[in-house]
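**Q** here is my input; please provide its structure:
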Amino acid sequence: MNEGSSPASPETTPAAVSWRSKTPTPDDPCVRNLGPVQVRVEEGAEVAPADRRLLEWVDPRDPDRADRRMVRDSWRVLRIQSEFVAGFDAMENVAEAVTVFGSARVKERTPEYETARELGRLLAHENFAVITGGGPGVMEASNRGAYEAGAESIGLNIELPFEQHSNPWLTLSMNFRYFFVRKTMFVKYAQAFICLPGGFGTLDELFEALTLVQTEKVLKFPIVLIGTDFWGPLVDWLRNTLEAEGKISPGDVDLLHVVDTPAEAVEIVVRAARS
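**A** Presented below is the predicted three-dimensional model:
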């Protein structure tokens, strides 16, 4: 710096950096997770998630694009492998655990939030670690209950085009590029699933777990749904349509346990784990 010069003032800062002027916050829209790496981008910029790039259709009649895809996918296999290795290493000391799913849109101080928080607390008192998707809403509340009760509180977040930031109530936090790697961690280290009301993501995780139990890929693995008013119509449809039309076997619907309170849910999990 020349003598007499001074650091650039906000007026002389390049315009491209103006979006950094705000004080960073935990839910800063400029922050993006790219696998385990966190970066800051210009506000409003879209960062394509790794899952989208993996699943992107490429016209095989375009030889240049097809060749580039082959090279990218070959290297991507190593990245996928590294996510599995990192996940297995991070979770290797997790003993008994329960994975909790539910809506990210639930707000603090609502009945749904407090139900999830109580669930985390009760699971902790039974010496279960709590695993969630690591985000806000039901995930945050369940992690918070476990954290406040002194249990291990694990969040497995995912790279999304609209960013989902990790909640602060975690003793172990990981961020994944690929849904299928993350889902493996949800199942591999848990003895049960508990689902609170949620949206597409919750339904996806519920039916993934249900398929694994129905096909006996996992054993002694209860799936508990909290909220009869919310889940009842879905269970009725499964029984009155799928089972009635022979799309599933009699008894498959009974793999689901529908309750109304966290205490009932935890009782089912404890009974299955200790039997």
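**Q** what residues of stretch 175-188 count as buried?
**A** 175, 176, 177, 178, 179, 181, 182, 183, 184, 185, 186, 187 (16 or more other C-beta atoms under 10 Å). Using the backbone N, CA and C atoms, a C-beta is placed for each residue, glycine as well.
**Q** same check on stretch 156-172?
**A** For stretch 156-172, the neighbour count (16+ other C-beta under 10 Å) marks 156-160, 163-167, 169-170, 172 as buried.
**Q** residue 93 and residue 273, how far apart?
**A** To residue 273, residue 93 is 18 Å away according to C-beta to C-beta, to the nearest Å.
**Q** over to residue 255?
**A** With distances taken as C-beta to C-beta, residue 255 is found 16 Å from residue 273.
**Q** these two: who's more crowded?
**A** Under the neighbour definition other C-beta atoms under 10 Å, residue 255 and residue 273 were set side by side, and residue 273 has more, 17 against 14.
**Q** pretty sure the more buried one belongs to a helix, no?
**A** Yes. Counting by DSSP: H, G, I helix; E, B strand; the rest coil, one finds residue 273 located in a helix.
**Q** these two touch, right, it and residue 127?
**A** No. The pair residue 273 and residue 127 fails to qualify as a contact (C-beta atoms under 8 Å) at a distance of 9.8 Å.
**Q** which neighbours do these two have in common?
**A** Residues within reach of residue 273 and of residue 127 at once, by C-beta atoms under 8 Å, 6 or more residues apart in numbering, are residue 96.
**Q** on the three-state scheme, residue 239 is what?
**A** Going by three-state DSSP, the secondary structure assigned to residue 239 is helix.
**Q** number of residues surrounding it?
**A** Residue 239 has 16 neighbouring residues, counting by other C-beta under 10 Å.
**Q** cool, and residue 115?
**A** Residue 115, neighbours per other C-beta under 10 Å, totals 23.
**Q** give me the nearest residue to it, chain neighbours excluded.
**A** With sequence-adjacent residues excluded and distances taken as C-beta to C-beta, 6 or more residues apart in numbering, residue 115 is closest to residue 262, at 6.1 Å.
**Q** now for the one you found, how many residues are close by?
**A** Once other C-beta under 10 Å is used to define contacts, residue 262 is seen to have 24 neighbours.
**Q** does it touch residue 125 like I think?
**A** No. Using C-beta under 8 Å as the test, residue 262 is too far from residue 125 to be in contact (10.9 Å).
**Q** list the buried residues in stretch 260-271.
**A** 262, 265, 266, 267, 268, 269, 270.
**Q** could you pick out which of those residues are located in strands?
**A** The strands, defined by DSSP state E, take in nothing from the buried residues of stretch 260-271.
**Q** pLDDT and distance to residue 206 added to those, as JSON lines?
**A** Listed next are the buried residues of stretch 260-271 as JSON lines, based on pLDDT from 0 to 100; distance: C-beta to C-beta, whole Å:
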{"residue": "262", "pLDDT": "98", "distance to residue 206": "17"}
{"residue": "265", "pLDDT": "98", "distance to residue 206": "14"}
{"residue": "266", "pLDDT": "98", "distance to residue 206": "18"}
{"residue": "267", "pLDDT": "98", "distance to residue 206": "20"}
{"residue": "268", "pLDDT": "98", "distance to residue 206": "15"}
{"residue": "269", "pLDDT": "97", "distance to residue 206": "16"}
{"residue": "270", "pLDDT": "97", "distance to residue 206": "21"}
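**Q** how far out from the middle of the chain is stretch 79-97?
**A** From the chain centre to the centre of stretch 79-97 is a distance of 15 Å (C-alpha atoms, centre = their mean, to the nearest Å).
**Q** before we move on, what about stretch 86-101?
**A** Averaging C-alpha positions (C-alpha atoms, centre = their mean) puts stretch 86-101 13 Å from its chain's average.
**Q** how about the strands in the chain?
**A** All strands of the chain, identified by DSSP E, fall at 31-34, 37-40, 97-101, 129-132, 153-158, 172-176, 193-195, 223-226, 256-259.
**Q** parallel or antiparallel, list what pairs with the fourth one.
**A** Partner strands and pairing direction for strand 129-132 (DSSP bridges) are strand 97-101 (parallel), strand 153-158 (parallel).
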